[in-house]
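[1] sequence first, predicted coordinates after that:
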Amino acid sequence: GESVGLHLPTLSVQEGDNSIINCAYSNSASDYFIWYKQESGKGPQFIIDIRSNMDKRQGQRVTVLLNKTVKHLSLQIAATQPGDSAVYFCAEETGGGNKLTFGTGTQLKVEL
Amino acid sequence: SQTIHQWPATLVQPVGSPLSLECTVEGTSNPNLYWYRQAAGRGLQLLFYSVGIGQISSEVPQNLSASRPQDRQFILSSKKLLLSDSGFYLCAWSRGGRTEAFFGQGTRLTVV
């Protein structure tokens, strides 16, 4: 969550391919993680979440993987579509469940 | 259903002028409330969060302050704006305790 001053990295994928967006977190006490999608000029929207007692959770076309050993989180988007183009952020919850901090986002660009 | 209102959507203010951004939540009680700032092309920086009326946790010492005068009202203020205060300000709420946060549509502040 301390990389807010950096330019966002970009991931470019072809339409129909799978996308994998990665996120590293630093606080081993974090026990809840969320992926958000942010379209230009809008607030972030919830995609999927995962608790620390799980290592994988699936939604519609999306899967989140959690590796607590290396403090790594990933978001997999299957059959990426043009509408998936956005900035994706991971967020971790600490502070006894009250503090939500965001990691460095990734700009996903879907090429036709 | 719950809704979050944030206004104004855009704001242009001169350097040295005061600031007041308001956020209100409807349809829930005792929410956690958050203020984030996002510079262009950057990540989300947590500024303040609140778990109850009059309870404010400050994450980044700077030219801003926050107040929660009512259960579902969160206000971001400044006495004298700086050029560096320009950015996209986002308010969010959550139920706390491993639940996702819901964001408002944001206020784009330009200090000139």
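    Arrived safely. Everything numeric here is computed off the predicted structure, so don't read it as measured data. Numbers count the residues shown, from 1 in each chain, chains lettered A, B, ... in the order given.

[2] near chain A, which residues of chain B are found?
    B:32, B:34, B:36, B:38-39, B:41-46, B:49, B:51, B:57, B:90, B:92, B:94, B:96-98, B:100-106, B:108 (Cβ under 8 Å from any Cβ of the partner chain). Glycine gets a C-beta too; all of them are placed from N, C-alpha and C.

[3] drop anything exposed from those residues.
    Buried members of the residues of chain B next to chain A, counted by 16 or more other Cβ atoms under 10 Å in any protein chain shown: B:32, B:34, B:36, B:38, B:42-46, B:49, B:51, B:90, B:92, B:94, B:96, B:98, B:100-104, B:106, B:108.

[4] show me those residues that map onto strands.
    Among those, the ones falling in strands (DSSP state E) are B:32, B:34, B:36, B:38, B:44-46, B:49, B:51, B:90, B:92, B:94, B:101-103, B:108.

[5] what sits against residue A:99?
    A:93, B:46, B:49, B:57 (Cβ atoms under 8 Å, 6 or more residues apart in numbering or on different chains).

[6] out of those, which is nearest to residue A:49?
    Among those, residue A:93 lies closest to residue A:49 (Cβ to Cβ), at 9.2 Å.

[7] burial measure for the nearest residue to that closest one once chain neighbours are set aside, as a count.
    Spatially, and ignoring its direct neighbours in sequence, residue A:93 is nearest to residue A:32 (4.1 Å; Cβ to Cβ, 6 or more residues apart in numbering or on different chains). Residue neighbour count, defined by other Cβ atoms under 10 Å in any protein chain shown, stands at 19 for residue A:32.

[8] right, and residue A:32 touches residue A:54 too?
    No - counting by Cβ atoms under 8 Å, residue A:32 does not reach residue A:54; the two are 10.3 Å apart.

[9] start to end distance for stretch B:13-20?
    11 Å (Cα to Cα, to the nearest Å).

[10] kindly apply the preceding question to stretch B:97-112 instead.
    Start-to-end, stretch B:97-112 (Cα to Cα) is 40 Å.

[11] the residue in chain A positioned nearest to chain B: neighbour count?
    Nearest residue of chain A to chain B, counting by Cβ to the nearest Cβ: residue A:43, 3.3 Å away. Using other Cβ under 10 Å, residue A:43 has 22 neighbouring residues.

[12] separation between it and residue B:38?
    10 Å (Cβ to Cβ, to the nearest Å).

[13] what do the two both touch?
    With Cβ under 8 Å, 6+ apart, residue A:43 and residue B:38 have common neighbours B:90, B:106.

[14] tell me where the model's unsure across the chain.
    No chain specified, so I'll use chain A. A:1-7, A:95 (pLDDT under 70).

[15] other chain: chain B
    B:61.

[16] of all of it, which residue lies closest to chain A?
    Counting by Cβ to the nearest Cβ, chain B gets nearest chain A through residue B:103, at 3.3 Å.
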